[in-house]
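Novice: Generate coordinates for the sequence data below:
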Amino acid sequence: MAVAPHFLASRAALEVLKEGGDAIEAMVAAAATIAMVYPHMTGLGGDAFWLIHEPGQEPVGIDACGGAAAGLSPSFYAERSLDAIPLRGPLAANTVAGTVSGWARALALSRERWGGRMPLSRLLADAIQHGERGVRVTASQMRSTRAKQSELETQPGFRECFLADGVPPAEGSLFFQPKMAATLRHLSRAGLDDFYRGELARTIAADLAACGSPLALGDLNGYRAELTKPLALAHSLGTLYNLPPPTQGVVSLMILGILDRLGLGEMEPGSADYVHCVVEATKQAFKVRDAHITDPRYMRIDAQDCLQANFLEPLAGAINLDKALPWGKGRGPGDTVWMGVVDSQGRAVSFIQSIYHEFGSGVVLGQTGLNWQNRGCSFSLDENALNGLKPGRKPFHTLNPALARLNDGRVMVYGTMGGDGQPQTQAAVFTRAMVYGQSLQQAVSAPRWLLGRTWGQPSDTLKLEARFSKEIVDSLRHRGHEIEMLQEFDEAVGHAGAIVRYPDGVLEGASDPRSDGGVASF
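Specialist: Residues are numbered from 1 along each chain as shown. Okay, here's the model as predicted:
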């Protein structure tokens, strides 16, 4: 089974599974495809994180987050009369794109541990076809292009790649990415390492230099995605996993650890009490995040320590069931895709891939068609700040793919896109499905909320989808929450998805009706 926020990515993964590929191989096919068919959300010019499960083995993580350019420092921006890193443009394209190296590291693991043998040319074939023959523009892509046109159309390559005769492509029209398709064809012949240490790397570096990015060939040459040990939370229902910093995986686990101590199961699912508790647990976890979480090489605490009982219990005790605590500013927007795959052997992948803001930096490289991320705009130019800019430093990442191994033998992969919303939506999906026993699709489709900012939402209010009843909204306002209402099914709360594998091999999947996705299985 595969789930993705665009049905063509789910289908690409499914076809690989049908041909005998494993969960990792299927995910690479989905990752390449989604870059072609959901280009406002993700691409090869960004970062990615993997959480991989194999029955009987400890989970494995892959950190495919690129660091800041080696020649970069706050003085680089000061010399250009800038007191902050721009959100868009070549000066925001300042970190290495780790995604393709993550694919390579995952496929190496597939070969070494699972006997994976699917040729790279096959895994990239569907994506290449969509780039060359075109894919229908989704309403999501059309809306994003319209919203960001004035901000991005002057950036190098954006107009040529993402506009049609100078205007956003209409929903249902065909969208082509021939340069990206050619780049994937080259990688299928030369191998994924060529992105960093070959002919393609030299082409990428030349394009980055030509548009004014501080990244250089040496930055690409020196990058390799890393295996990492996932964080683990001991939960009453089982063991929950997520990735360590620089991701906010610890935040997602902390929320669930706090909720596990609040008697959530005694509350009515979807009630004001339930929403209030999850929001207040989120505030507690975000305070820890904003004080400590960054590139782990610069952290003063161990993220795993934040998941221990003696750390979580005081946070749970600080929650007032009748009153909302004050809330400051969130981390800001994020545009991302989460996807999940489970193969016939029960091996599972929880995967997330991003270029940060919609269309990333907005810079599209002329020879390769790569849309480069702007993840590095989150660095501070204050060298003493938690996320201060330093050469080679990894930026803080909102990305975090989730995995749960339950005491009853079920295995769940789940996740979502959406900046501050990722941990909150993970909490909603997990608690609804596992604490309350709702069907997986009900857990994903039910009305959601968002505290803070995310994709397309600049304010820091508590946002509620319009399907919440007036009584619940009024109750939350009465407790002190500043409420902002969204549409009934609003992309602002993320594109979630999940797959659960039962002990007897039965699979249950769910795709978000807020996305263009679907569950594919056989």
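Novice: ok, now which ones touch residue 233?
Specialist: For residue 233, the set of contacting residues under the criterion of C-beta atoms under 8 Å, 6 or more residues apart in numbering consists of 239-242, 253-254, 256-257, 307. C-betas here are computed from N, CA, C, even on glycine.
Novice: just to confirm, which helix or strand has it in it?
Specialist: When elements are assigned from DSSP states H and E, residue 233 belongs to strand 231-235.
Novice: buried set for that strand?
Specialist: Of the residues in strand 231-235, those with enough neighbours to count as buried (16 or more other C-beta atoms under 10 Å) are 231-233, 235.
Novice: again, but for stretch 132-150
Specialist: By neighbour count, with 16+ other C-beta under 10 Å as the criterion, the buried positions of stretch 132-150 are 132, 135, 137-138, 140-145, 148-149.
Novice: before we move on, back to that, pull the CA atoms of the strand holding residue 233 into CSV?
Specialist: What follows is strand 231-235 as a C-alpha-only set of coordinates in CSV (Å, rounded to 0.1, in the frame of the first residue of the first chain):
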residue,chain,number,x,y,z
LEU,A,231,14.0,9.2,18.8
ALA,A,232,11.7,6.9,20.7
LEU,A,233,8.8,7.7,23.0
ALA,A,234,7.5,5.1,25.5
HIS,A,235,3.7,5.5,25.1
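Novice: what element comes up after the helix or strand of the chain with the lowest mean pLDDT heading to the C-terminus?
Specialist: Comparing every helix and strand of the chain by mean pLDDT, DSSP states H and E singles out strand 335-342 as the least confident one, with a mean of 90. Beyond strand 335-342 in the direction of the C-terminus, DSSP H and E gives the next helix or strand as strand 348-356.
Novice: Parallel or antiparallel, list what pairs with the helix or strand that that following strand is followed by.
Specialist: In the C-terminal direction, the helix or strand that comes right after strand 348-356 (DSSP H and E) is strand 402-406. Next to strand 402-406 in the sheet, as set by DSSP bridges, lie strand 238-242 (antiparallel), strand 411-415 (antiparallel).
Novice: Give the burial count for residue 284, as a bare number.
Specialist: Taking other C-beta atoms under 10 Å as the criterion, the count of residues near residue 284 is 21.
Novice: Would you confirm that it belongs to a strand?
Specialist: No - secondary structure of residue 284, determined by DSSP: H, G, I helix; E, B strand; the rest coil: helix, with no strand assignment.
Novice: Tell me where the model's unsure across the stretch 51-200 of the chain.
Specialist: Within the stretch 51-200 of the chain, the set of residues satisfying pLDDT under 70 is empty.
Novice: Can you identify each of the helices in it by residue range?
Specialist: Shown for the stretch 51-200 of the chain, the helices assigned by DSSP state H, counting those that start in this stretch span residues 74-78, 99-114, 120-123, 125-133, 139-152, 158-162, 178-190, 194-197, 199-211.
Novice: What helices and strands are in contact with the fifth one?
Specialist: Pointing back at helix 139-152 there. Packing contacts for helix 139-152, counted by 3 or more C-beta pairs under 8 Å, 6 or more residues apart in numbering; DSSP states H and E, involve helix 158-162.
Novice: Mind listing what's buried along the helix it packs on?
Specialist: Using 16+ other C-beta under 10 Å as the burial criterion, the residues of helix 158-162 that qualify are 158, 161-162.
Novice: any idea how far residue 438 is from residue 323?
Specialist: Note on residue 438: its distance to residue 323, by C-beta to C-beta, to the nearest Å, is 28 Å.
Novice: And residue 229, by the same measure?
Specialist: As for residue 229, its distance to residue 323 is 38 Å (criterion: C-beta to C-beta).
Novice: now do residue 123
Specialist: From residue 123 over to residue 323 (counting by C-beta to C-beta), the distance is 52 Å.
Novice: So those two - more neighbours on which side?
Specialist: Neighbours per residue (other C-beta under 10 Å) separate residue 123 from residue 323, with residue 123 holding more: 28 against 12.
Novice: Show the contacting residues for that one.
Specialist: So, once contact is read as C-beta under 8 Å, 6+ apart, residue 123 ends up touching 16, 21, 25, 28-29, 32.
Novice: what does residue 506 give?
Specialist: If you count contacts by C-beta under 8 Å, 6+ apart, residue 506 has none.
Novice: And the pLDDT at it?
Specialist: pLDDT, the model's per-residue confidence, is 97 for residue 506.
Novice: Use 4 as the first number from now on
Specialist: Noted, 4 is the first residue going forward, which turns the last one into residue 509.
Novice: Residue 213 versus that one, what's the distance?
Specialist: Where residue 213 is concerned, residue 509 sits at a distance of 53 Å (C-beta to C-beta).
Novice: want to throw the buried residues of helix 161-165 into a markdown table with distance to residue 77?
Specialist: Shown next, in a markdown table, are the buried residues of helix 161-165 (distance: C-beta to C-beta, whole Å):
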| residue | distance to residue 77 |
| --- | --- |
| 161 | 27 |
| 164 | 31 |
| 165 | 31 |
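Novice: Identify, from the residues you listed, the entry nearest to residue 13.
Specialist: Lowest distance from residue 13 to the buried residues of helix 161-165 (C-beta to C-beta) belongs to residue 165, with 23.8 Å.
Novice: Surely that closest one is in contact with residue 147, unless I've mixed up the numbering?
Specialist: No - Residue 165 is beyond contact range of residue 147, at 9.3 Å (criterion: C-beta atoms under 8 Å).
Novice: Identify the contacts common to the two.
Specialist: Residues touching both residue 165 and residue 147 comprise 43, 362, with contact defined as C-beta under 8 Å, 6+ apart.
Novice: check contacts around residue 319.
Specialist: With contacts defined as C-beta under 8 Å, 6+ apart, the neighbours of residue 319 are 261, 264-265, 284, 287.
Novice: ok, and the closest non-adjacent residue to it?
Specialist: Taking C-beta to C-beta, 6 or more residues apart in numbering, and ignoring the residues beside it in sequence, residue 319 has residue 264 as its nearest neighbour in space, at 4.0 Å.
Novice: Could you give the number of residues near the one you found?
Specialist: For residue 264, the tally of surrounding residues (other C-beta under 10 Å) stands at 16.
Novice: Residue 86 now?
Specialist: Other residues near residue 86 come to 9 when the count uses other C-beta under 10 Å.
Novice: Compute the inter-axis angle for the stretch of helix or strand residue 512 belongs to and strand 338-345.
Specialist: When secondary structure is defined by DSSP H and E, residue 512 falls within strand 510-514. Computed by axes from the mean of the first three to the mean of the last three C-alpha atoms, to 10 degrees, the angle separating strand 510-514 from strand 338-345 equals 160 degrees.
Novice: Following element in sequence after strand 510-514, please.
Specialist: Toward the C-terminus, strand 510-514 is succeeded by strand 521-523 as the next helix or strand (DSSP H and E).
Novice: Enumerate the positions of that next one that are buried.
Specialist: Neighbour-count burial for strand 521-523, counted by 16+ other C-beta under 10 Å, picks out 521-523.
Novice: Same question for stretch 201-210.
Specialist: Of the residues in stretch 201-210, those buried (16+ other C-beta under 10 Å) are 201, 203-204, 206-208, 210.
Novice: Nearest to residue 217 among those residues?
Specialist: Checking these one by one against residue 217 (C-beta to C-beta), the nearest turns out to be residue 208, at 11.5 Å.
Novice: Residue 216 is in contact with the closest one, correct?
Specialist: No - with contacts counted by C-beta under 8 Å, residue 208 stays clear of residue 216, the gap being 9.2 Å.
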